[in-house]
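Q: just need the structure, nothing else, for what follows:
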Amino acid sequence: MAFDLQEQEQIEELKGFWRGWGRWIAALVVIACLGYLGMKGWHLYRAEQAEKASAVFARMETALPGGDLKQLKAISAELRRDYASTSYAPRAALLTARVAFDKDDYKLAGEELSWVIANAKEADVVAVARLRQAAVLLDQKQYDGALKEVSAEHPAAFDGFFLDMKGDILFAKGDAKGAAAAYKSALAKLAPEEPMRDFVQAKIDAIGS
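A: Numbers count the residues shown, from 1 in each chain. Next comes the predicted model:
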């Protein structure tokens, strides 16, 4: 097929452009394809990890009613070790901490909660862990540490609960006036339909200020 002079010039320009930039364009296409495949692979990996973690967490739900702390601790450790990036690991740690607290194993409860605070990606989960950590420290009369937990940043939806816990800590320290102020602030933050409001009001009435 014959080309006229103008067409031949356009073809030569195209060849020149490809010689100068073709390799870079090809490389960018390859990088884009690899990026897409990598992202797709990552999502598949995450889904697979979550599925495996779910199976491990199911064992914890089975063990929970019996309160076998040794078994719960082992399952929590497995999730933290192998599936730390999933949402199951922090939830398992929270459950283990709750059972440990009920059994007065404050050391284990504190360790599990500290891991959640340091590693959980969900702000609500971290807030729950901080509240429970404050309760653990309060039971051990470590008031300054407990106050530090309830003074940490948290979602606004938890304000009432954090202030209520602050009131408990201050009252335990002997600061009835500070406790009453914290309880009143908690009451102002709690939603009207929140069942905890009556409990907080009862604390205010008991202090008498």
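Q: burial count for residue 207?
A: Residues near residue 207, counting by other C-beta atoms under 10 Å, number 15. Heads up, the C-betas are built off the backbone N, CA and C, glycines and all.
Q: find the residue closest to it in space, skipping its chain neighbours.
A: Nearest residue to residue 207, sequence neighbours excluded (C-beta to C-beta, 6 or more residues apart in numbering): residue 180, at 4.8 Å.
Q: ditto for residue 57
A: Leaving aside its sequence neighbours, residue 57 sits nearest to residue 88 (C-beta to C-beta, 6+ apart; 4.3 Å).
Q: measure that neighbour to residue 196 for me?
A: 28 Å (C-beta to C-beta, to the nearest Å).
Q: returning to that earlier point: test my guess that the residue nearest to residue 57 contacts residue 55.
A: No - with contact defined as C-beta atoms under 8 Å, residue 88 does not reach residue 55; the gap is 9.5 Å.
Q: who has more neighbours, residue 88 and residue 196?
A: Just comparing residue 88 and residue 196: by other C-beta under 10 Å the higher neighbour count belongs to residue 88, 24 against 14.
Q: OK, contacts around that one?
A: Neighbouring residues of residue 88 by C-beta atoms under 8 Å, 6 or more residues apart in numbering: 50, 53, 54, 56, 57, 79.
Q: confidence score at it?
A: Note for residue 88: predicted pLDDT of 86.
Q: against residue 140, how distant is it?
A: Residue 88 is 29 Å from residue 140, where distance means C-beta to C-beta.
Q: same thing with residue 146?
A: Computed with C-beta to C-beta, the distance linking residue 146 and residue 140 is 9 Å.
Q: where along this structure do the helices fall?
A: Counting by DSSP state H, one finds helices in the chain at the ranges 5-63, 69-82, 88-102, 106-119, 123-139, 143-150, 159-173, 176-189, 196-207.
Q: so which of the ones you listed is the most packed in?
A: Of all the helices of the chain, helix 88-102 has the most neighbours on average by mean count of other C-beta atoms under 10 Å, namely a mean of 23.
Q: what's the angle between that helix and helix 123-139?
A: Calculated by axes from the mean of the first three to the mean of the last three C-alpha atoms, to 10 degrees, helix 88-102 forms an angle of 20 degrees with helix 123-139.
Q: can you show me the CA trace of helix 88-102 as PDB?
A: The C-alpha coordinates for helix 88-102 follow below in PDB (Å, rounded to 0.1, in the frame of the first residue of the first chain):
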ATOM      1  CA  TYR A  88     -11.600 -10.100  65.000                       C
ATOM      2  CA  ALA A  89      -8.300  -9.700  66.800                       C
ATOM      3  CA  PRO A  90      -9.200  -6.700  68.900                       C
ATOM      4  CA  ARG A  91     -12.700  -8.100  69.700                       C
ATOM      5  CA  ALA A  92     -11.200 -11.300  70.900                       C
ATOM      6  CA  ALA A  93      -8.800  -9.300  73.100                       C
ATOM      7  CA  LEU A  94     -11.700  -7.400  74.500                       C
ATOM      8  CA  LEU A  95     -13.600 -10.600  75.400                       C
ATOM      9  CA  THR A  96     -10.500 -12.100  76.900                       C
ATOM     10  CA  ALA A  97     -10.000  -9.000  79.000                       C
ATOM     11  CA  ARG A  98     -13.500  -9.100  80.200                       C
ATOM     12  CA  VAL A  99     -13.200 -12.700  81.500                       C
ATOM     13  CA  ALA A 100      -9.800 -12.000  83.000                       C
ATOM     14  CA  PHE A 101     -11.200  -8.900  84.800                       C
ATOM     15  CA  ASP A 102     -14.100 -11.000  86.200                       C
END
